[in-house]
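[1] This is the structure alone, sequence omitted:
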């Protein structure tokens, strides 16, 4: 059938033409629908990394917080997909302190498929955090001018908690506040930041609690002072049955005065030596200090110290091996055998007594009581009795033995 008439006009009423046009429209609609809503397409999103199962004892450091991921899926689904719908996870369960390179797991919803992850791994550092409580000291930049000293010094609080990675905590040597001379001369209450000094003299960047402390001090003319501990040296040995439990001195600190250079030469003072020979009980006494000090240093206050020497009994232990176990008591059977036949006994007592029994037969009785036992075989406890006062049995091995009746 002709599509055109003699005049060249389109024969719009042709059935074939209408069918062709309908087919083209249907195909176009099919491609449109599948291209817009049913076909797969790609989309790139930025995803926040979540770190799972971090131990409470560790702190995590990572220079990567987000990654880029490419996903594939239906166009209409991807159109509504947001980063909140995607999980990017790194599991650090069971890991200790150290550096790690770990894979990133991506969890996608529904029909979405993963195309790529950039980067696919993350590098992390796990640090074990700790805490140290350290005293706060005063450090004046440049030191005090000659002829001036600080008096009536009060720091509140006197200690601060320093927190951070254990490796860095170990490098902290001192905690200081650094008032200037001008601030101290005003005589006002100062609120100063706490500074951490490392062993190499540099400052450490760690957190402290609190971050500031209050300082009050008075500058006055005079020589610097220093509080130093007092020690009481001992000589000789007390009675063999006793040993020194403790030595207490009062006052335990004394104050000295002198130039700063001279004061650095004195770390402690000692009393005259106390001879403990033949001491059998604790004693209290007043002992003079040895007051030989460096030139330019003098002692402030009393030169006598109260000293309390406390003694305690000196004990020792001894093991007696393979002591034969006897049987005692009335029985319905003519005799008994014991298994095992011997036991080991450990005893404790005053050192003097223990030294006196060295090389002699064990001064203890070891037996089992078979009175009223009617069973032919039975496990019974071992009885141990010391023949010496103050001798204490501390271990029996074995504690029980088996007795077997001898039957005629």
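    Perfect, I can see it now. Values in this document were obtained by computation on a predicted structure and should not be read as measured data. Numbers count the residues shown, from 1 in each chain.
[2] Work out for me the element residue 115 sits within.
    Here residue 115 sits within strand 113-118, counting by DSSP states H and E.
[3] what packs against that strand?
    Packing partners of strand 113-118 (3 or more CB pairs under 8 Å, 6 or more residues apart in numbering; DSSP states H and E): strand 66-74. C-beta: built from backbone N, CA, C; applies to glycine.
[4] Over the strand it packs on, what's the mean pLDDT, rounded is fine.
    Averaged across strand 66-74, the pLDDT comes to 93.
[5] how far is it from where the chain is centred?
    In terms of CA atoms, centre = their mean, to the nearest Å, the centre of strand 66-74 is found 43 Å from the chain centre.
[6] which outside residues touch it?
    Strand 66-74 has contacts (CB atoms under 8 Å, 6 or more residues apart in numbering) with 37-49, 78, 81, 86, 88, 104, 106, 108, 110-119, 122.
[7] coming back round to it: just the residues contacting the strand holding residue 115, thanks.
    Looking at what lies outside strand 113-118 - CB under 8 Å, 6+ apart - the contacts are 42, 67, 68, 69, 70, 71, 72, 73, 104, 106, 108.
[8] between the lengthiest strand in the chain and strand 66-74, how many degrees?
    Longest strand in the chain by number of residues, with DSSP state E as the criterion: strand 121-138. Per axes from the mean of the first three to the mean of the last three CA atoms, to 10 degrees, the angle that strand 121-138 makes with strand 66-74 is 150 degrees.
[9] just checking, what packs against strand 121-138?
    strand 58-61, strand 98-103, strand 148-156, strand 159-165, helix 166-169, strand 172-177, strand 212-221.
[10] Which one of the ones you listed lies nearest to residue 184?
    The minimum distance between residue 184 and these falls on strand 212-221, with 5.0 Å, by CB to CB.
[11] Quick check: what element follows the lowest-mean-pLDDT helix or strand in the chain along the chain?
    Every helix and strand in the chain was compared by mean pLDDT, DSSP states H and E; the lowest is helix 15-33, with a mean of 69. Sequence order places strand 40-52 as the next helix or strand after helix 15-33, per DSSP H and E.
[12] mean confidence score for that following strand?
    91.
[13] So what angle separates the directions of that strand and strand 98-103?
    Angle between the axes of strand 40-52 and strand 98-103 is 160 degrees (criterion: the same axes, to 10 degrees).
[14] Pass me the low-pLDDT residue ranges in this structure, would you?
    For the chain, the stretches flagged by pLDDT under 70 are 1-14, 27-39, 358-360, 408.
[15] From the centroid of it, which residue is nearest?
    Closest residue to the average C-alpha location of the chain: residue 130 at 6.6 Å, with CA atoms, centre = their mean.
[16] and the nearest residue to it once chain neighbours are set aside, how many neighbours does it have?
    With CB to CB, 6 or more residues apart in numbering as the criterion, residue 130 has its nearest non-adjacent residue at 4.4 Å, and that residue is residue 166. Residues lying near residue 166 (other CB atoms under 10 Å) number 13.
[17] which residues touch residue 166?
    By CB under 8 Å, 6+ apart, residue 166 lies in contact with 97, 127, 128, 129, 130.
[18] For the fourth one, name its beta-bridge partners.
    On the basis of DSSP bridges, residue 129 is bridged to residue 165.
[19] which residues does residue 324 contact?
    341, 342, 366.
[20] distance of it from residue 367?
    9 Å (CB to CB, to the nearest Å).
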